[in-house]
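Trainee: Need the 3D shape of this:
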Amino acid sequence: MSFQVDIVKTVRSARRSFELRVRFDTTARRTVIFGPSGAGKTLTLQAIAGLVTPDRGRIAFDGATLFDADAGIDRPARDRGFGYLFQDYALFPHLNVRQNIAFGLMRGWRNPPARGDDDAAVERSLQAFELTEVAAQRPDELSGGQRQRTALARALVHSPRALLLDEPFSALDPALRDRLRAELDALLRRIDIPVLMITHDPDDLGWFGDAALYLRDGRIADAPAAVERLVPPRAARGPVP
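Mentor: Now for the predicted structure:
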């Protein structure tokens, strides 16, 4: 499995103009894109997921083109086959845990769900993520760890080809982060799915950085020496040509 990304995207507001110009090719099972806030990490992940359209360039996964500005290809987010974990989890406050997970299986009116199969998939997810006992509770009744597991279960319930993680631990109290890093690491080892994570926290590299890319001011760059020392030896370093 591999991600090939070569895109340009300019975002303008009343106060500033930001240009994202990102190019990388990774075959690692887990790739971490890290860097400071405002570097363009979330914009990069959203472009790969199909939530943002680049101005130009190409995105491919496992040899299949997902976006190609010159060829006029732009596959919708749902057709790209990725699971996406939002930074704030984006759980629906009026739905309980079971309903939030089931939402990940919605296919639209052109491809309606097979209700029996979907019910079984939701139940499997509840058990796998140890959420059965809180299945009837709403997000505001859950702990931080339970909310994260619910969001992960929703992202994975449809058996995606890869998992995209947007700052998965930033919404948690510091005391919870290491425990939930360990839980996520164990889960990813069990389901063996390609992962692309973005983070501003170098501690995430030790857990998930089979390959590491440093993003600064919208460009892949060399990591600062202080951060470089935290990158595990197996991780790729430096800019991608």
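
Trainee: going forward, measure contacts and count neighbours with C-alpha atoms only.
Mentor: Fine.

Trainee: Longest helix of the chain, counting residues only.
Mentor: helix 174-191 (DSSP state H).

Trainee: Just list what that helix packs against, helices and strands only.
Mentor: helix 203-208 (3 or more CA pairs under 8 Å, 6 or more residues apart in numbering; DSSP states H and E).

Trainee: Flag every buried residue along the longest helix of the chain.
Mentor: 177, 180-181, 184, 188 (16 or more other CA atoms under 10 Å).

Trainee: Go ahead and confirm residue 35 touches residue 216.
Mentor: Yes: assessed by CA atoms under 8 Å, residue 35 is found in contact with residue 216 at 6.0 Å.

Trainee: Which one of the two is surrounded by more residues?
Mentor: residue 35 (25 against 19; other CA atoms under 10 Å).

Trainee: any idea how far stretch 195-203 is from the chain center?
Mentor: 10 Å (CA atoms, centre = their mean, to the nearest Å).

Trainee: Give the buried residues for that stretch.
Mentor: Neighbour-count burial for stretch 195-203 [16+ other CA under 10 Å]: 195-200, 202-203.

Trainee: just those residues now: which is nearest residue 26?
Mentor: Closest approach to residue 26 among these (CA to CA): residue 196, at 9.7 Å.

Trainee: OK, contacts around the closest one?
Mentor: 30-33, 162-165 (CA atoms under 8 Å, 6 or more residues apart in numbering).

Trainee: Could you export the residues you listed as CSV, including neighbour count, pLDDT and distance to residue 39?
Mentor: As requested, these are exported to CSV (neighbours: other CA atoms under 10 Å; pLDDT from 0 to 100; distance: CA to CA, whole Å):
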residue, neighbour count, pLDDT, distance to residue 39
30, 23, 91, 20
31, 24, 93, 17
32, 26, 93, 14
33, 22, 94, 10
162, 24, 94, 23
163, 23, 93, 21
164, 23, 96, 17
165, 23, 94, 16
